[in-house]
Structure formats: structure tokens, C-alpha cells
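Trainee: Sequence unavailable; structure follows:
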Ligand SMILES: [Zn+2]
């Protein structure tokens, strides 16, 4: 009997629904509320994921910047120690002279 109709009570507000499917749990109003609520929750969860990803990206980027800054500073110091220019020191490090 797939066309059977039932009288059900909304699981949220207790409204009696007549002539509905046997599996119907919520009235139209509560169904709408639940949809909005789950959308909101979904957005919240994914917002946090997005923020966490952005934070990680930012951290990775700033780490890279610091590393290359340190490298440049080290090369400049090494070059100054022997009286060379930064360019010449880099060229020497890279085996170009
Ligand atoms: Zn309801």
C-alpha cells in the first residue's frame, strides 16, 4: 500500500499532520527551520575550515619569507666579511665564478 496516508505528529512542535506519508517526521514549518539550521551549521563548519586553511597559508608564506630573508642576510654578511658584493658572493656560491 504505497499510497497509504497517515496521521503523524511533528517530532519538533507536536503539530498533528493528517494525510501525510508514513515517514513524515516534521511539519512544513519545522522542516524549513531544520533546513535553515543545518545550512547554518554547514556554513559554520566550513567557515572554520576555510579560516584554518587561510591561517596555514599565511603561516607557510611568512615562514618562506623569513627563510629567504635570513638567507639573503647570511650571504650579505659572508660577502661583507671578505669584501665582496652580494652579487659576487651569490655567483661564487652558485659556482659561477
Ligand atoms: Zn513542527
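Mentor: Cool, the structure landed. These numbers come from a predicted model, not from an experiment. Numbers count the residues shown, from 1 in each chain.

Trainee: Now for the nearest residue to residue 4 once chain neighbours are set aside: which residues touch it?
Mentor: Among residues not flanking residue 4 along the chain, residue 22 sits closest, at 6.5 Å (CB to CB, 6 or more residues apart in numbering). The C-beta positions use only the backbone N, C-alpha and C, and glycine is treated the same way. Taking CB atoms under 8 Å, 6 or more residues apart in numbering as the criterion, residue 22 is in contact with 4, 6, 8.

Trainee: doesn't residue 22 fall inside a strand?
Mentor: No. Per DSSP: H, G, I helix; E, B strand; the rest coil, residue 22 lies outside any strand segment and is coil.

Trainee: and the gap between it and residue 31?
Mentor: Residue 22 is 16 Å from residue 31, where distance means CB to CB, to the nearest Å.

Trainee: Repeat that for residue 47.
Mentor: The value you get for residue 47 to residue 31, if CB to CB is used, is 24 Å.

Trainee: how many neighbours does residue 4 have?
Mentor: 7 (other CB atoms under 10 Å).

Trainee: Check which helix or strand it maps to.
Mentor: For residue 4, there is no host helix or strand (DSSP states H and E).

Trainee: The one 4 residues further on too?
Mentor: Here residue 8, judged by DSSP H and E, is contained in strand 6-9.

Trainee: mind listing what that strand pairs with, with the direction of each?
Mentor: Strand 6-9 sits in its sheet next to strand 16-20 (antiparallel), going by DSSP bridges.

Trainee: Return the set of buried residues in stretch 22-41.
Mentor: Buried residues in stretch 22-41, counted by 16 or more other CB atoms under 10 Å: 24, 26, 27, 30.
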